[in-house]
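Enquirer: A predicted structure for the sequence below; I have some questions about it.
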Amino acid sequence: QTAQTKQAHVVILATGGTIAGTGATSTTTVGYTAAKVGVEGLIKAVPELSKVARVTGEQVFQIASESMTNEHWLTLAKRVNTLLAQADVDGIVITHGTDTLEETAYFLNLVVKSRKPVVLVGAMRPSTAISADGPINLYNAVLLAASPEAVGKGVLVCLNDQINGARDVTKTNTATMDTFKSTDLGLLGYIQGSKAYFYRASTRKHTVDTEFDVSNLSALPAVDIVYGYANVTPVALNAFVAAGDKGIIHAGTGDGSLAAQMVPALKAARAKGAIIVRASRTGTGILARNGEANDDELDFVVADTLNAQKARILLMLALTKTSNTKDIQRMFWTY
Ligand SMILES: NC(=O)CC[C@H](N)C(=O)O
């Protein structure tokens, strides 16, 4: 008699997005309504899930991901940590709108306290469309969350048969199904023939190896993003600082350059205690210290290869621990 291998238990946490979207007709791929189908509907649409895992579902939110807030993230992270602490849960799949999916993934990558797989998945076509990508993406995400290869890899993003790491992936296209790319540092692997293949891993610390803990937090420090462009003025920056922001991400032109008219306002913001992080609007490349600005003299931090929206997340979490710029810079080189 052969021993039956026990199926992995994967919990699907549904949050909304296009994967749960519905359109008026099968050719409606824009102008549809996101966040309509509930988690049971998502599971029922893919009976093949039962071949790769024992699946249960929970509706955590039902929103379009552009409306995701810090409070949503704290709620989600606490639920993920509670579930993963249970011996009978082997992995988690989070269905999510694609617009801020990379941000939720990176937030969880820094605060999940488990090596068990956490996979974020979405879709670019609503559930009612011809060749909707949601069902195959959900199938791939569940098999990935159930696979031993995904253990200890950090939070993963899985769409379009590709596995990307939370730190490096970004949404690169407004509409196409190959929108998620790790533009600089490359994808981690593929799903093919109902199997996960990994080829690389990030060298940066994540999940159980981070110093961040949200279990006792009910809010995160206010951090906003200021964009660099020709003819920029400090109006937005000054408004953020006046509103009490504890940190500012400056998504500067090129190598994070600062317009001459921004420098006095950034210095004033730093003098008021706000942490200034220089990032780049270019989307790829390293932001190193003391290049386009003298960060040592200004007491600024640089974002390394993080894009502005991910730098915002790391700075918020950093500020829950310290306001020392040397320590915060170390974190930007660690995570
Ligand atoms: N493809 C999508 O999921 C985008 C839908 C919506 N804007 C969201 O992010 O939730």
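Expert: Nice, I can see it.

Enquirer: Is the nearest residue to G21 once chain neighbours are set aside within a helix or a strand, and which one?
Expert: What sits nearest to G21 in space, not counting adjacent residues and going by Cβ to Cβ, 6 or more residues apart in numbering, is P126, at 3.5 Å. Backbone N, C-alpha and C define where each C-beta goes, glycine included. Using DSSP states H and E, P126 sits within no helix or strand.

Enquirer: separation between P126 and G91?
Expert: 26 Å (Cβ to Cβ, to the nearest Å).

Enquirer: do the same with G244
Expert: According to Cβ to Cβ, G244 and G91 sit 39 Å apart.

Enquirer: Need the three-state assignment for the nearest residue to D295 once chain neighbours are set aside.
Expert: Excluding the flanking residues, the one nearest D295 by Cβ to Cβ, 6+ apart is R289, at 4.7 Å. Using DSSP: H, G, I helix; E, B strand; the rest coil, the structure places R289 in coil.

Enquirer: Tell me how many other residues surround R289.
Expert: 16 (other Cβ atoms under 10 Å).

Enquirer: can you map out the helices along the chain?
Expert: 39-44, 49-52, 70-84, 101-111, 134-145, 235-242, 263-271, 295-298, 308-319, 325-334 (DSSP state H).

Enquirer: tell me the contacts of V277?
Expert: Neighbour list for V277: G247, I248, I249, H250, F300, V301, V302, A303, A311, L315, I328, F332 [criterion: Cβ atoms under 8 Å, 6 or more residues apart in numbering].

Enquirer: Kindly report the residues of the stretch 101-250 of the chain close to the ligand.
Expert: G122, M124 (Cβ under 6 Å from any ligand atom).

Enquirer: Quick one: low-confidence residue ranges for the stretch 101-250 of the chain.
Expert: For the stretch 101-250 of the chain, no stretch has pLDDT under 70.

Enquirer: residue in the chain nearest to the ligand?
Expert: G97 (1.8 Å; Cβ to the nearest ligand atom).

Enquirer: Is that residue in contact with F61, as I believe?
Expert: No. If you go by Cβ atoms under 8 Å, G97 and F61 don't touch, sitting 10.1 Å apart.

Enquirer: and A129, what is it in contact with?
Expert: Per Cβ under 8 Å, 6+ apart, neighbours of A129: G23, S26, T27, T28, T29, Y32.

Enquirer: What is the neighbour count of the last one?
Expert: Applying other Cβ under 10 Å, we find 18 residues neighbouring Y32.

Enquirer: before we move on, the earlier item: shared neighbours, G97 and F61?
Expert: Shared contacts of G97 and F61, counting by Cβ under 8 Å, 6+ apart, come down to T15, G16.

Enquirer: if you count what's nearby, which of these two comes out ahead?
Expert: Neighbour totals were compared for G97 and F61, and G97 leads with 24 against 18 (other Cβ under 10 Å).

Enquirer: From Y335, how far out is that one?
Expert: From G97 to Y335 the distance is 24 Å (Cβ to Cβ).

Enquirer: Buried deepest among the helices of the chain, which one?
Expert: helix 101-111 (a mean of 26; mean count of other Cβ atoms under 10 Å).

Enquirer: S280 against G291, yeah?
Expert: No. Between S280 and G291 there is no contact under Cβ under 8 Å: 10.3 Å.
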